[in-house]
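Undergrad: just coords:
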C-alpha cells in the first residue's frame, strides 16, 4: 500500500532549484533507501518529506491511516503533507553531529521528546510516557543509557538514543539521515541489525539516507539514486545493475555477487 | 554590619533588592536558553535596541522641553518595547545560512543600534546622564511601581514558560524532529523570543544594558560548569543570578560603589569560583 507520494515535486531554496519533477512513492512497511553524494539533494528530499521544506511545485501526498498519533484525518484520507505537518508522524533520526551537545540532556530526556507531540502543549509527561521511554530504550538495547548525558555517549549509543526517541513517538515512518556516518564497521553493522530487527517486529516503514551505495545494496527493498539533479527510483534488483549505475553516476561500475551479497566495484 | 541592617530600613533599597531579584531571576532563566542556543549576543543586541528606543524618546522629550534623562514622552517606553519585540522576531526567523551567518545579523543590529543610540543622545541637550543610565543602569532608581511592573512581567513570562517549557526546549534543541512530529517549531521559537524581547525591554529600562546582558550570560555559564542536568542548570542559574544581584546591591550600598558594575563583578567572581571548583573536581 502506498504511504507517501511525490507528485511532480520541484524542490529548492529561494530561486535556486535543486531537484525537479520528482515522481515516486514510498510504500508502507518497506525499506526505502535514498543514495547520493553530498550536495546531490538527498537532504533536500528528506526535509520536504518531513514537512520542513515546502515544494516549489507539485505535492507530497500522505495516505493517512485513522488513529495515527498526531493525525486528525479520517480513514483513507489523502493529505498534502507540506500543508499538514504531523499528518503522518515521522520518527526522524538526524545526523548525530547536528544536535548540539552543549545541552545537558540525558538519554531519557531526549527519548521523552518523542512523546511531546502526543502529549500536546501545557501537559507534562505522565507515568505512561515514562514507561514508553523505558520500553523504547530497552527496545534499542540502550536500557542503561537513560541517565547518561548525551554528550558523554559514543556515536553508536547516540544513534540508539535517537532511534529510541523515534520509537517513543509511535511513528509509522522511521527517517534516518546518514545514521552510520563516522562509525566503524562494528557500529555500522549493529545499527543496520537494529533497524532490521525493528522492521521485523513492527513492520515500520524505513526511509534511509546515505551516500554509501554498498551500505544499502543488500538491505533496502527499493532505492532512489541521486546524482547531479538526475534520479532513478525502483526495486533494488533493478537499480543495482552496472547499466543503471553508469547512467546515473556517469562512471563505469560493476555489480558483483559475493557470498550471496551485492557489491559495487568501481 | 550596622550599615547592612540600615540598608533594609531604606525604602528605596528594598525596591532595589526586589527589582534586582526579579530582573536577575528572569534574565538568568532565559539566559539558559540564549546561551544553549549559542545566541549570546542576541541578548546584548536586544538590550541595545531597547536603549535606542528610550534614546529616541529622550531626544524627542528634550525637544519638547522635558528634562533629558528624567521625563519621557508617554510613547517612550512603548516605542522601546515595540523595537525590541520587532527585533526579537527578526532573530527568531529561521533561514538558511547560505550567504550570511546568523551571528552577523545580530552583530550588525547590535553595532547600528548602539551607534544610533549614542548619536541620538549626543544631539540631545543634557543627554549624557541619560547615556549613563541606559548603558550602566541605575537600579537605585527602581520605584515601587517599577517593582510591581517587573512582578507582573515575571508572572506573565513565568506562566508562559511553565506551560510551554517542553515546547521551547524541543524547538531549541531539535527543531527538525519537532516539525517532523507536527510541532510547529517556528511558532514556538517566535513565542520564546517574544518572552525574551519583552523581558529585555523591561529589564533594560530598570537596570540598564550592562546589568541585563550580565544576567543573561554569566549565571548560565557558571551554572553550566556546575550542574549536570537541564533542570539543575535552570535552577542553579536563577539561584546564582539572584544571589549575585542581592550580594552586589548590598555590597554597593555598604561600600558606596556603583550598583550595576558591582553586581556584574560579583557575578564574575562567582564564575571564577565555579571554574576553580570544577578544575579541582576534575583533577581528583
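TA: Yes, it's here. What you see is a predicted model; the values in this text were computed from it and never measured.

Undergrad: Quick one: name the residues of the stretch 151-284 of chain B near chain A.
TA: By the rule Cβ under 8 Å from any Cβ of the partner chain, the part of the stretch 151-284 of chain B lying against chain A is B:163-164, B:166-167, B:169-170, B:172-174, B:176-184, B:224, B:227-230, B:232-233. All C-beta atoms are positioned from the backbone trio N, CA, C, and that covers glycine.

Undergrad: hmm, try it at 6 Å
TA: B:163-164, B:166-167, B:170, B:173, B:176-177, B:179-183, B:229-230, B:233 (Cβ under 6 Å from any Cβ of the partner chain).

Undergrad: in the stretch 151-284 of chain B, which spans are helices?
TA: Applying DSSP state H, counting those that start in this stretch to the stretch 151-284 of chain B gives helices spanning B:175-180, B:185-207, B:209-226, B:230-255, B:259-283.

Undergrad: helices and strands around the first one, which ones?
TA: In other words, helix B:175-180. Contact partners of helix B:175-180 among helices and strands, from 3 or more Cβ pairs under 6 Å, 6 or more residues apart in numbering or on different chains; DSSP states H and E: strand A:90-93, helix B:185-207.

Undergrad: out of these, deepest packed?
TA: Burial of the helices and strands packed on helix B:175-180 is given as mean neighbour count (mean count of other Cβ atoms under 10 Å in any protein chain shown); strand A:90-93 ranks first at a mean of 28.

Undergrad: picking up where we left off before, I'd like the helices and strands packed on helix B:175-180 as TSV, with mean pLDDT and distance to residue A:166 appended.
TA: As requested, the helices and strands packed on helix B:175-180 are arranged in TSV below (pLDDT from 0 to 100; distance: least, Cβ to Cβ, whole Å):
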stretch	mean pLDDT	distance to residue A:166
strand A:90-93	91	3
helix B:185-207	94	17
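
Undergrad: where does the stretch 51-200 of chain A have low pLDDT?
TA: A:65-76 (pLDDT under 70).

Undergrad: Leaving out chain neighbours, which residue sits closest to the residue in it positioned nearest to chain B?
TA: With Cβ to the nearest Cβ as the measure, the residue in the stretch 51-200 of chain A that lies nearest chain B is residue A:86; the distance is 1.5 Å. Distances taken as Cβ to Cβ, 6 or more residues apart in numbering or on different chains place residue B:182 nearest to residue A:86, at 1.5 Å, with adjacent residues excluded.

Undergrad: how near is residue B:240 to chain A?
TA: When Cβ to the nearest Cβ, to the nearest Å is the yardstick, residue B:240 and chain A sit 15 Å from each other.

Undergrad: Show the contacting residues for that residue.
TA: B:219, B:222-223, B:270 (Cβ atoms under 6 Å, 6 or more residues apart in numbering or on different chains).

Undergrad: quick revisit: helix, strand or coil: sort out the residue of the stretch 51-200 of chain A closest to chain B for me.
TA: Recorded secondary structure, residue A:86: coil (DSSP: H, G, I helix; E, B strand; the rest coil).

Undergrad: what's around the residue nearest to residue A:86, how many residues?
TA: A count of nearby residues for residue B:182, using other Cβ atoms under 10 Å in any protein chain shown, gives 21.

Undergrad: Ok, which of the helices and strands packed on helix B:175-180 comes nearest residue A:118?
TA: Among the helices and strands packed on helix B:175-180, strand A:90-93 comes nearest to residue A:118, with 12.2 Å by Cβ to Cβ.

Undergrad: okay but residue A:174 is in contact with residue A:207, surely?
TA: No. With contact defined as Cβ atoms under 6 Å, residue A:174 and residue A:207 do not form a contacting pair (7.1 Å).

Undergrad: quick one, phi/psi of residue A:257?
TA: phi -110, psi 130 (degrees, to the nearest 10).

Undergrad: Please name the bridge partners of it.
TA: Beta-bridge partners of residue A:257, counted by DSSP bridges, are residue A:262.

Undergrad: What of residue A:25?
TA: Going by DSSP bridges, residue A:25 is paired in beta bridges with residue A:5.

Undergrad: do you know how far it is from chain B?
TA: Counting by Cβ to the nearest Cβ, the gap from residue A:25 to chain B is 19 Å.

Undergrad: which element is residue 34 on?
TA: Let's take chain A. In this structure, residue A:34 is located in strand A:31-36 according to DSSP states H and E.

Undergrad: The chain in question should be chain B.
TA: Taking DSSP H and E as the definition, one finds residue B:34 inside helix B:11-36.

Undergrad: Taking the centroid of chain A, which residue is nearest it?
TA: residue A:175 (1.6 Å; Cα atoms, centre = their mean).

Undergrad: Quick check on that residue: phi, psi?
TA: Backbone torsions for residue A:175, taken as degrees, to the nearest 10, come to phi -110, psi 110.

Undergrad: No further queries at this time; thank you.
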